[in-house]
Each structure stands twice: as C-alpha cells, then as structure tokens.
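> Have a look; sequence and predicted model below, questions after that.
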Amino acid sequence: VLSGVTNTYDANVALAIDETQLTGYEFVSITGDAKCPAVLGGEITLDEGDDITCTITNDDRAPNLTLIKNPTNDDGGNASPNSFLLTVGGTGVLSGASNEYLANTPLAINETLLPGYTFVSITGDAKCPDALGGTVTLAADDNITCTITNDDIAPKVIIQKVLLDDNDGGTLTVDDFYIEYDDIEVTLNGGTTGEITTTAGLHVIEEDISATPGYEFVMLGAASSDACVLQAVVDGNPTINVTLQVGQTYTCI
C-alpha cells in the first residue's frame, strides 16, 4: 500500500501491518486507533463500516565519525595526538572520540599543523577525504573512522670551521681540524660540513685541538644558532651542546 491512501478490506479478517526497514532508520511506534497494533507485524481486525488510520513512525539514526590522529615521532618529535587541533566541520574534536553529525551534510576534516611536522595521509573508510580540508558526507547510521597521519621532520645541523687570519704563520687549513658530532668524525669540506640529518634533542659537538698543535679554540661564531651552547673547554678542547627541534636547520661556527 501507499502512505496516505485509503484501501478497502474484508471485515473480521486479521490483517498484519508491516514495512520493510530502511538502512539507517529505526522503528519508533504505531499510533492511531485503538485497534492499531503496537509493533510491526502486529495484526488489526476491522469491523463492518470501520474507517480508521494507523500511523507508523520511524527515526533516522545519527551517523558517527571518529578522527584518529597518528603522529609519527621517529626523528625526536614529542607531539601527542591531541597536540594537533583536529576539526570536523570547523568544530574541534579529540582524537579517538566518536561524535554524532547530521547525515547528508558535507563535513570538512582539518587540523592545525604543528611546526616541525608534515601531513602524510588520511586513511580509513572510503568516504574519508584524501587531503586536509576535504569533506566527508555521512549517511544515516554510518559509523566510520578516518586516521590522519603526520611525520616529524628530522632537524639538520651544519658545522662550520673558521680560522682567524691574523698572520701568525699558521699553515693549516680548516679541513685539517678534527671535529666529532655525537662521537662520529665529521668531514669538513672547505671548512663546512654538509647538512647532518639528525634527531631532535640534545647532541654534542667536540673538537680535538691536540690533533692541530699550535692552534687554540677561540669561541663560538657570533652567527651560530642559539641552539649551539659552549658547555666546557677541557685541555683546550671545546664541547658544544646543541639542542635541536624537529623541522629546523642549525649552524654552529
């Protein structure tokens, strides 16, 4: 039968009232005349001359969406999932929390990127967007999860060696000096290492002055990054601590 259409039936015959449930909807009630059944599949028996109406009410189920933040901290980063401001439709959400939304409404998935991190991907249900700012449109009763992955960016260090040109008769070049980064010898090419890709946190630069007799350590160059700090000078050998943050490049002179 069609909704709202009056149909004629035989009196004194039990008639089952039912419907095919749609995905995303739930049965609520059957109301109307006292003869109407209370549940789907229930029966009604009409008397001669009856003219009654039964109303079947259904409700759409709200869809649910969960955002999971997956920061990869393999280069010394320490961001937690909720260090990033996750948003759905412009409203902040917590990683791993399931929230209800209106069905059939495009919802933008986004986040505030942290310095030192790069966006990698959004994965999960086929409805999840591919990129930040993309939208997801949920159907009634959906329950899906989208995972946003970010990666910390390895910091880099440049070590530069400078010799004062004060005409004291020295014959060594900048490449003759022995310098270690975290106990590993670095190669100076014209006085400068290439970028050393490393991890965030504390690292140590040491110079062995005994390998270059007749020369002494003077100072950290004024143009050195603030992260470069002279920790000690023992027997003329300087030890420099370098505290690095993800995504940054530092120079120690």
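Received it, and whenever you're ready, just let me know what you need. Please read all numbers here as calculations on a predicted model, not as lab measurements. Numbering: from 1, shown residues only.
> Quick check: end-to-end length of stretch 41-56?
12 Å (C-alpha to C-alpha, to the nearest Å).
> Going by neighbour count, list what's buried in it.
Across stretch 41-56, burial judged by 16 or more other C-beta atoms under 10 Å covers Ile44, Leu46, Ile56. Bear in mind the C-beta positions are built from the backbone N, C-alpha and C, glycine included.
> And stretch 60-74, by the same measure?
Arg61, Pro63, Leu65, Thr66, Leu67, Ile68, Lys69, Pro71, Asn73.
> Neighbours of the residue lying closest to the first one once chain neighbours are set aside, how many?
Spatial nearest neighbour of Arg61, chain neighbours left out: Asp141 (4.0 Å); criterion: C-beta to C-beta, 6 or more residues apart in numbering. Residues contacting Asp141 under the criterion other C-beta atoms under 10 Å number 16.
> wait, what's in contact with Asp141?
Applying C-beta atoms under 8 Å, 6 or more residues apart in numbering to Asp141 gives the contacts Thr23, Gly24, Tyr25, Asp60, Arg61, Ala62, Pro63.
> Touching, Ala97 and Thr66? I think so.
Yes - at 6.7 Å, Ala97 counts as touching Thr66 under the criterion of C-beta atoms under 8 Å.
> After the helix or strand where Pro238 lies, which helix or strand is next?
Using DSSP states H and E, the element containing Pro238 is strand 237-244. Counting by DSSP H and E, the element after strand 237-244 in chain order, helix or strand, is strand 249-252.
> Paired strands for the strand holding Pro238, with orientation please.
strand 201-208 (antiparallel), strand 228-234 (antiparallel) (DSSP bridges).
> how about CSV for the ones you listed, with mean pLDDT and distance to Ile52 added?
Shown next, in CSV, are the strands paired with strand 237-244 (pLDDT from 0 to 100; distance: least, C-beta to C-beta, whole Å):
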stretch, mean pLDDT, distance to Ile52
strand 201-208, 97, 78
strand 228-234, 97, 88
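> so of those strands, which one's packed in deepest?
strand 201-208 (a mean of 17; mean count of other C-beta atoms under 10 Å).
> what about that one, distance to the chain center?
33 Å (C-alpha atoms, centre = their mean, to the nearest Å).
> Please apply the same query to stretch 138-151.
Taking C-alpha atoms, centre = their mean, the mean C-alpha location of stretch 138-151 is offset from the chain mean by 13 Å.
> Mind listing what's buried along it?
Buried, per 16+ other C-beta under 10 Å, within stretch 138-151: Leu138, Ala140, Asp141, Asp142, Ile144, Cys146, Thr147, Ile148, Asn150, Asp151.
> Can you tell me which of the residues you listed is nearest Lys127?
For the buried residues of stretch 138-151, the minimum distance to Lys127 (C-beta to C-beta) is 6.0 Å, reached by Ile144.
> State the distance from the residue located most distally from the centre of the chain to Asp33.
The C-alpha centroid of the chain is most remote from Glu48, which lies 67.7 Å away (C-alpha atoms, centre = their mean). Distance, Glu48 to Asp33, using C-beta to C-beta, to the nearest Å: 15 Å.
> what does Ala16 give?
16 Å.
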